[in-house]
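> sequence first, predicted coordinates after that:
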Amino acid sequence: MPYLPYISDNDFIKHLNAIAEIGMIKSRDAKKNFYSNVIDPFGPIFEMGILGVNAGQWEKLEINRQVQKSIQNAVGKFHENILGSVPGWTKLKVGGIVDLVKDDNSVVAEIKNKYSSVSYGDRSDHYYRLSNQVNKKNMAYFGATAYFVQIIPNNADSFDRCFTPSDKSIGKKCQKDNRIREIDGRSFYALVTGIDDALDMLHDQIPKALIKSGAIANAISSNDLKVLSDYFKRAYF
């Protein structure tokens, strides 16, 4: 049985290994280069006192924080890679306006890992860039529907609605346009794959695939899996 019914095992493992490799490299480099950058001599005073850790423990926490940040940054690209591996969809090169396109050019998407990845004041910029892509006749995606995707929404409500962020330059919301939409990650995975619980499947299979593929050395306990499942439910239900 494949891990997921909507992408190949080879693609799935490849995308998982890419994040694991980023984490291992960052962990190695963070330890090796810990003193290469100037360390804030003030912050650790408060952190040691408030968290109740000694200097050695604080250094481990700081290294872990750096590794965690690198992994979290990579997770956004992980979702782009997973969705771009679904038949009929293509992940575009880094640096473009959109990250994902349906092969018939009917849907394009800009994918953000979390609702807070873009500040509310800057969202109108993304609206206008997406609008240009689908509303200007000389653009490759003219007539398509553009989605501003928030893999992790700011609450557990599912949504697929017109994207109407506030435009501070005019003091009101952007014009409602059915071709410019915002959507949560669970709903967007369902849209791309045609499977309502596609994101649930992905979350369930990641720990199994990481361990089976050897991408991580440490097993994840059954109790930890239950906690991870609870995190998912709190984000989407």
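Thanks, I have it.
> could you pull out the strands for this structure?
Per DSSP state E, the chain carries strands over the ranges 89-91, 100-102, 107-114, 145-152, 160-162, 166-167, 172-173, 180-184.
> could these be laid out in a markdown table, adding mean pLDDT and distance to residue 190?
All C-beta atoms are positioned from the backbone trio N, CA, C, and that covers glycine. As requested, the strands of the chain are exported to a markdown table (pLDDT from 0 to 100; distance: least, C-beta to C-beta, whole Å):
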| stretch | mean pLDDT | distance to residue 190 |
| --- | --- | --- |
| strand 89-91 | 97 | 13 |
| strand 100-102 | 98 | 14 |
| strand 107-114 | 95 | 13 |
| strand 145-152 | 96 | 12 |
| strand 160-162 | 97 | 9 |
| strand 166-167 | 94 | 28 |
| strand 172-173 | 94 | 27 |
| strand 180-184 | 97 | 10 |
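> compare those and report which one is nearest to residue 207.
Closest approach to residue 207 among those (C-beta to C-beta): strand 145-152, 18.0 Å.
> for that closest one, name the packing helices and strands.
strand 107-114, helix 123-135, strand 180-184, helix 185-193 (3 or more C-beta pairs under 8 Å, 6 or more residues apart in numbering; DSSP states H and E).
> same list (the strands of the chain) but as JSON lines, adding distance to residue 212 and mean neighbour count.
Supplementary listing: those in JSON lines, determined by distance: least, C-beta to C-beta, whole Å; neighbours: other C-beta atoms under 10 Å:
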{"stretch": "strand 89-91", "distance to residue 212": "25", "mean neighbour count": "16"}
{"stretch": "strand 100-102", "distance to residue 212": "28", "mean neighbour count": "21"}
{"stretch": "strand 107-114", "distance to residue 212": "25", "mean neighbour count": "22"}
{"stretch": "strand 145-152", "distance to residue 212": "24", "mean neighbour count": "22"}
{"stretch": "strand 160-162", "distance to residue 212": "34", "mean neighbour count": "13"}
{"stretch": "strand 166-167", "distance to residue 212": "46", "mean neighbour count": "16"}
{"stretch": "strand 172-173", "distance to residue 212": "48", "mean neighbour count": "12"}
{"stretch": "strand 180-184", "distance to residue 212": "29", "mean neighbour count": "23"}
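> closest one to residue 20 among the ones you listed?
Nearest to residue 20, of these and by C-beta to C-beta, is strand 107-114 at 17.3 Å.
> kindly calculate the angle that the closest one makes with strand 180-184.
40 degrees (axes from the mean of the first three to the mean of the last three C-alpha atoms, to 10 degrees).
> could you give the angle of strand 107-114 to helix 185-193?
Going by the same axes, to 10 degrees, strand 107-114 makes 150 degrees with helix 185-193.
> what strands line up against strand 107-114, and which way round?
strand 100-102 (antiparallel), strand 145-152 (parallel) (DSSP bridges).
> any chance of the ones you listed in a markdown table, plus distance to residue 216?
Shown next, in a markdown table, are those (distance: least, C-beta to C-beta, whole Å):
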| stretch | distance to residue 216 |
| --- | --- |
| strand 100-102 | 27 |
| strand 145-152 | 22 |
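> which one of those strands lies closest to residue 175?
Short answer: strand 145-152, nearest of the strands paired with strand 107-114 by C-beta to C-beta, at 13.8 Å.
> redo the strands of the chain as a markdown table? Include distance to residue 57.
Supplementary listing: the strands of the chain in a markdown table, determined by distance: least, C-beta to C-beta, whole Å:
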| stretch | distance to residue 57 |
| --- | --- |
| strand 89-91 | 40 |
| strand 100-102 | 42 |
| strand 107-114 | 28 |
| strand 145-152 | 30 |
| strand 160-162 | 45 |
| strand 166-167 | 44 |
| strand 172-173 | 48 |
| strand 180-184 | 38 |
